[in-house]
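1. turn this into a structure:
(one chain, ligands or ions: 1)
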Amino acid sequence: MSAFPPASAEIRKLIKTAGPMPVSRYMELCLTHPLYGYYMTRDPLGREGDFTTAPEVSQMFGELLGLWAAAVWKSMGMPDPVRLIELGPGRGTMMADILRAIRVLPSFYQAVSVHLVEINPALIDRQQETLRGVKSSVNWHDMIDDVAEGPAIVLANEFFDALPVHQVVRQSNGWHERVVDISASGQLVFTAAAEPLKHFELLLPPLVRAAPLGAIFEWRPTKEIMQIARRLRNQGGAALIIDYGHVRSDAGDTFQAISRHSFIDPLRSPGQADLTAHVDFQALALGAEDAGARLHGPVEQGDFLRSLGIETRAATLMSKASTQVSSDIQSALKRLTGTGRGAMGALFKVLGVSHPEIRALPGLSVEQHDDAAATGAAA
Ligand code: SAH
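-> Numbering: from 1, shown residues only. The predicted structure follows:
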């Protein structure tokens, strides 16, 4: 028997046999290993879990996205059916709030066929429970490309931050893959691969090429965004990507682990903590554009929600609520749209991607050029 918990023992075994492992591989194993992966074994959300997301903060979030989707459907020419696809739907809360909100628009509600892309068996159970009685015929899929053809509206909240990220470190002779190794004292430690990556700097955005020695740059493969963009270009529709991150590619280490709403060392509890890295929205935008889709934004989440009318919605809910519930709505509004510690309004960005003929998407017309890489977290 190993002295280490299973995911840790597995990672150590792989490092001992095959050598140091890229950060992206470590993240992938920790999150999605079929037996020991963080996302394969638990419901990570909520007060009792490790982190809280916008749909879990307030029903207003999903409701506004429902109205957003209805407006987009109209600009698509009201196709019937239209596939409403959510990537990484968590507890199903956002989809349930969306569906409740669009019930008042029967032609849209009836045209919608719901598709959830999810790998977590515990969360699939939870989604089934949440959506029971809200809408019949919900479909589950392992991958985006498994969803049947047709015009689609795609939603992803805090999905991209969970996808494995590569880290590279600048040294005097070039950029080296950042890897996880075992130290002399038996600890998992970060180090850099011995050899530099050949010609890697040619792929780097100009801002990053000038980074000092020791700088870290993070990049993700563009597979998922390109699958979405290609689908929208070929079959019509739009996608909304919401996540924490920066609007311009830049150097910086954002690889982080969250357990019980606090940051911990990402190498300390493999498979037991949520691992994420900020989303590089410029890289997503380039991937989507290369696949032939139109971009909208990105804008800050606070601006997006305000332009969809979150303040009016909050006031309506508060006018009918008790003092206690009113104050909860007020603090949810602040958390979703505000800035500062723990608030999501500026840390989170919203990017729209669409078929080239859709010229505007609600809430996304103001382009944002502020590249201050937001730090902190939404734990
Ligand atoms: N969108 C939800 C949950 C965010 S947590 C919310 O806002 O509350 C990340 C979600 O993505 C979880 O549902 C997780 O199980 C799922 N997920 C993580 N990696 C995935 C992958 N590779 N494919 C599909 N789903 C994934």
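2. the residue nearest to residue 280 when sequence neighbours are not counted: what's it in contact with?
-> Nearest-residue entry for residue 280: residue 249, 5.2 Å, with adjacent residues in sequence omitted and distances by C-beta to C-beta, 6 or more residues apart in numbering. In this view, the C-beta of every residue, glycine as well, is placed from N, C-alpha and C. Listed by C-beta atoms under 8 Å, 6 or more residues apart in numbering, the contact set of residue 249 reads 205, 207-208, 280, 282-283.
3. same deal with residue 164?
-> Under the criterion of C-beta under 8 Å, 6+ apart, the contact list for residue 164 reads 24-25, 27-28, 31, 220.
4. got it, and residue 44?
-> Residue 44 touches 38, 50-51, 274, counting by C-beta under 8 Å, 6+ apart.
5. buried ones among these?
-> Using 16 or more other C-beta atoms under 10 Å as the burial test, the contacts of residue 44 include 38, 50-51, 274 as buried.
6. look up the closest residue to the residue in the chain that the ligand sits nearest to, ignoring the ones flanking it.
-> The shortest separation between the chain and the ligand is 2.3 Å, found at residue 88 (distances taken as C-beta to the nearest ligand atom). Spatial nearest neighbour of residue 88, chain neighbours left out: residue 159 (3.7 Å); criterion: C-beta to C-beta, 6+ apart.
7. what is the burial count for that neighbour?
-> Taking other C-beta atoms under 10 Å as the criterion, the count of residues near residue 159 is 20.
8. same check on residue 232?
-> Other residues within reach of residue 232, judged by other C-beta under 10 Å, total 26.
9. so it sits against residue 238, correct?
-> Yes - taking contact to mean C-beta atoms under 8 Å, the distance of 6.4 Å between residue 232 and residue 238 places them in contact.
10. ignoring the adjacent residues along the chain, who's closest to residue 93?
-> Take residue 93 and drop its neighbours on the chain: the residue closest to it by C-beta to C-beta, 6+ apart is residue 55, 4.4 Å away.
11. contact partners for the one you found?
-> Taking C-beta under 8 Å, 6+ apart as the criterion, residue 55 is in contact with 61-62, 90-91, 93-94, 97, 157.
12. farthest-apart pair in the residues you listed, please.
-> Largest separation among the contacts of residue 55 by C-beta to C-beta: 61 and 91, giving 12.9 Å.
13. which of those two has more neighbours?
-> Here residue 61 and residue 91 are set side by side on neighbour count (other C-beta under 10 Å), and the busier one is residue 61, at 26 against 22.
14. got a list of contacts for the helix ranked longest in the chain?
-> Ranked by residue count under DSSP state H, the longest helix found in the chain is helix 59-75. The set of residues that contact helix 59-75 without belonging to it, under C-beta under 8 Å, 6+ apart, is 54-55, 79, 82, 84, 93-102, 105, 108, 111, 153, 155, 237-238, 240, 305, 308-310, 313-314, 317, 329, 332-333, 336, 354, 358, 360-363.
15. which of the residues you listed fall in helices?
-> Helix and strand membership here follows DSSP H; of the contacts of helix 59-75, those in helices are 54-55, 93-102, 108, 111, 305, 310, 313-314, 317, 329, 332-333, 336.
16. also near the ligand: which of those residues, exactly?
-> The subset of these within reach of the ligand, by C-beta under 6 Å from any ligand atom, is 55, 94.
17. return the subset of the contacts of residue 44 lying in strands.
-> Among the contacts of residue 44, the members found in strands (DSSP state E) are residue 274.
18. can you name the two of the contacts of residue 44 that are farthest apart?
-> The two members of these with the most space between them (C-beta to C-beta) are 38 and 51, at 11.4 Å.
19. around the ligand, pick out the residues from this protein.
-> If contact is defined as C-beta under 6 Å from any ligand atom, the residues of the chain in contact with the ligand are 32, 39, 45, 53, 55-56, 88-90, 94, 117-120, 123, 157-159, 162.
20. hmm, residue 255 and residue 23 touching each other?
-> Yes - the pair residue 23 and residue 255 qualifies as a contact (C-beta under 8 Å) at a distance of 6.4 Å.
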